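# Provided below are the primary sequence and the corresponding predicted coordinates.
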Amino acid sequence: MNHSVPQIEASSLPQLLRAMPKAELHMHIEGSLEPELIFALAERNSVKLPYASVEALRAAYAFTDLQSFLDIYYAGASVLLHEQDFYDMARAYLNRAVADNVVHTEIFFDPQTHTERGVSMETVINGLYRACRDAQIEQGISASLILSFLRHLSEESALQTLEAALPLRDRFIGVGLDSSEVGNPPEKFARVFARSRELGLHLVAHAGEEGPPAYIWGALDTLGVERIDHGVQSEKDEQLMQRLVKEQIPLTVCPLSNLKLCVVDDLADHNLPRLLKAGLKVMINSDDPAYFGGYVNENYTQLFAATGMGALEAYQLARNSLEASFVSDAQKAEWIARLDETFAQFAAKV
Ligand SMILES: Nc1ncnc2[nH]cnc12
Ligand SMILES: [Zn+2]
């Protein structure tokens, strides 16, 4: 776990954070819809928005908690109607990811947000999948999809969603669980996760964003997830911390999200440096970059500036992101070799 990382000038750190190859394992594609694209799609699809302008919409992005964000986030997604809309949204995100030296991304999508409005499952998945495939061919970025269930809806709805997606089973690699956490514990979704496991899908779930450590235990023990999305509340439970370290369960942490949703008051107080130091397999992600003030590199640079972390932590976080991804060991090894090369190049500049 302790890798030997070459000496790198502190002044090179922002450049290194941007240049290092990394994976993004926690981002919601609907959360990458920039206000400009929301307005462009509203016009293209003749959807009436309750905001007069891009500026007025952006001004509404002052959140007090997760729910206050989700209300606006679901309203923003109402402009997505056609396969091309889903394609354009995903290509816009993938362009940003390429610019941030993301070599691999595992993208959440919320089908129920769209199927409940009458958009078909095929429209959603085909648009997103085609964007991932074209970006891979044209830009070399690897991208996979994770179908996420909305936990404020019933398990029956999640089961129906999974069944509706099965004809397109080869177009997504796993399932997740998101939306309003408190009051919707993981146990509510035990059957749909069991069915997903039978289907050979990867399993992840949001837990311990606002909710208690008990939800992280539930996600691990009842749902059998391989990664925890967020998980920042794990620090409140020493036994849970020990388990997360022992089993090296990845936590996909999202610092700017935690700041904007008031999970933390100040980035300088974010617990990621402590979690990393305690030996947890944490990494940095953007969650909903269009709403929280930045894509993945902005999350790295702002958190590092606020907390004083250095090159050693940068290496470990990027490496954790690659190791925690759902790709082959051979692919991981190739990207880790590229990460090592990047660090060696920066060390040579000293
Ligand atoms: N941060 C978050 N937590 C839960 N559900 C979400 N859906 C989109 N972003 C989310
Ligand atoms: Zn999330």
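Arrived safely, thanks for sending. Ligands and ions are numbered 1, 2, ... in the order given.
# what segments of the stretch 101-250 of the chain are helices?
Counting by DSSP state H, counting those that start in this stretch, one finds helices in the stretch 101-250 of the chain at the ranges 111-115, 121-139, 155-165, 190-198, 213-218, 238-246.
# tabulate those (CSV), appending distance to residue 72, mean neighbour count and mean pLDDT.
Backbone N, C-alpha and C define where each C-beta goes, glycine included. As requested, these are exported to CSV (distance: least, Cβ to Cβ, whole Å; neighbours: other Cβ atoms under 10 Å; pLDDT from 0 to 100):
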stretch, distance to residue 72, mean neighbour count, mean pLDDT
helix 111-115, 13, 21, 98
helix 121-139, 20, 18, 98
helix 155-165, 22, 17, 98
helix 190-198, 27, 16, 98
helix 213-218, 24, 21, 99
helix 238-246, 32, 15, 98
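# so which of these is nearest residue 103?
Among those, the nearest to residue 103 by Cβ to Cβ is helix 121-139 (10.7 Å).
# packing partners of the closest one?
Packing contacts for helix 121-139, counted by 3 or more Cβ pairs under 8 Å, 6 or more residues apart in numbering; DSSP states H and E, involve helix 83-99, strand 102-109, helix 111-115, strand 142-150, helix 155-165.
# so what touches it?
With Cβ atoms under 8 Å, 6 or more residues apart in numbering as the contact definition, helix 121-139 has outside contacts at 29, 81-91, 94-95, 98, 107, 109, 111, 114-115, 141-145, 161, 164-165, 167-168, 171-172.
# what of stretch 314-321?
If you take Cβ under 8 Å, 6+ apart as the criterion, stretch 314-321 is touched by 3, 5, 13, 16-17, 20-25, 250, 276, 281-285, 300, 304, 336, 339, 343.
# try it again at 7 Å.
Stretch 314-321 has contacts (Cβ atoms under 7 Å, 6 or more residues apart in numbering) with 3, 5, 16-17, 20-23, 25, 250, 276, 281-284, 336, 339, 343.
# and that stretch, how far out from the chain middle?
Averaging C-alpha positions (Cα atoms, centre = their mean, to the nearest Å) puts stretch 314-321 15 Å from its chain's average.
# output it in PDB with nothing but the alpha carbons.
The C-alpha trace of stretch 314-321 is given here as PDB (Å, rounded to 0.1, in the frame of the first residue of the first chain):
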ATOM      1  CA  ALA A 314      -2.000  12.300  -5.300                       C
ATOM      2  CA  TYR A 315      -0.300   9.100  -6.400                       C
ATOM      3  CA  GLN A 316      -2.300   7.000  -3.900                       C
ATOM      4  CA  LEU A 317      -5.600   8.600  -4.900                       C
ATOM      5  CA  ALA A 318      -5.100   8.200  -8.600                       C
ATOM      6  CA  ARG A 319      -3.900   4.600  -8.100                       C
ATOM      7  CA  ASN A 320      -6.900   3.800  -5.900                       C
ATOM      8  CA  SER A 321      -9.200   5.100  -8.700                       C
END
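# minimum distance to ligand 1: which of the helices of the stretch 101-250 of the chain has it?
helix 111-115 (9.2 Å; Cβ to the nearest ligand atom).
# show me what the closest one is packed against.
Applying 3 or more Cβ pairs under 7 Å, 6 or more residues apart in numbering; DSSP states H and E, one finds that helix 111-115 contacts helix 121-139, strand 142-150, helix 155-165.
# show me what the last one is packed up against.
Secondary structure elements in contact with helix 155-165, counted by 3+ Cβ pairs under 7 Å, 6+ apart, are helix 111-115, helix 121-139, strand 142-150, helix 190-198.
# save those as JSON lines, and put in distance to ligand 1 too.
JSON lines is the format used below for these (distance: least, Cβ to the nearest ligand atom, whole Å):
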{"stretch": "helix 111-115", "distance to ligand 1": "9"}
{"stretch": "helix 121-139", "distance to ligand 1": "15"}
{"stretch": "strand 142-150", "distance to ligand 1": "8"}
{"stretch": "helix 190-198", "distance to ligand 1": "17"}
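# what's the closest of those to residue 180?
With Cβ to Cβ as the criterion, residue 180 lies closest to strand 142-150 of those, at 8.4 Å.
# if we can go back for a sec, so for residue 328, which of the helices of the stretch 101-250 of the chain sits nearest?
Distance to residue 328, taken as Cβ to Cβ, is lowest for helix 121-139 among these, at 15.2 Å.
# send me that closest one as PDB with only the CA atoms.
Extracted in PDB, the C-alpha atoms of helix 121-139 (Å, rounded to 0.1, in the frame of the first residue of the first chain):
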ATOM      1  CA  MET A 121     -35.400   2.500 -21.800                       C
ATOM      2  CA  GLU A 122     -33.900   1.900 -25.200                       C
ATOM      3  CA  THR A 123     -33.700   5.700 -25.900                       C
ATOM      4  CA  VAL A 124     -31.800   6.300 -22.700                       C
ATOM      5  CA  ILE A 125     -29.400   3.400 -22.900                       C
ATOM      6  CA  ASN A 126     -28.700   3.500 -26.600                       C
ATOM      7  CA  GLY A 127     -27.900   7.200 -26.600                       C
ATOM      8  CA  LEU A 128     -25.500   6.900 -23.700                       C
ATOM      9  CA  TYR A 129     -23.900   3.700 -25.000                       C
ATOM     10  CA  ARG A 130     -23.300   5.100 -28.400                       C
ATOM     11  CA  ALA A 131     -21.600   8.200 -26.900                       C
ATOM     12  CA  CYS A 132     -19.400   5.900 -24.800                       C
ATOM     13  CA  ARG A 133     -18.500   3.800 -27.800                       C
ATOM     14  CA  ASP A 134     -17.800   6.800 -30.100                       C
ATOM     15  CA  ALA A 135     -15.600   8.500 -27.400                       C
ATOM     16  CA  GLN A 136     -13.600   5.300 -27.000                       C
ATOM     17  CA  ILE A 137     -13.000   5.100 -30.800                       C
ATOM     18  CA  GLU A 138     -12.400   8.800 -31.400                       C
ATOM     19  CA  GLN A 139     -10.700   9.900 -28.200                       C
END
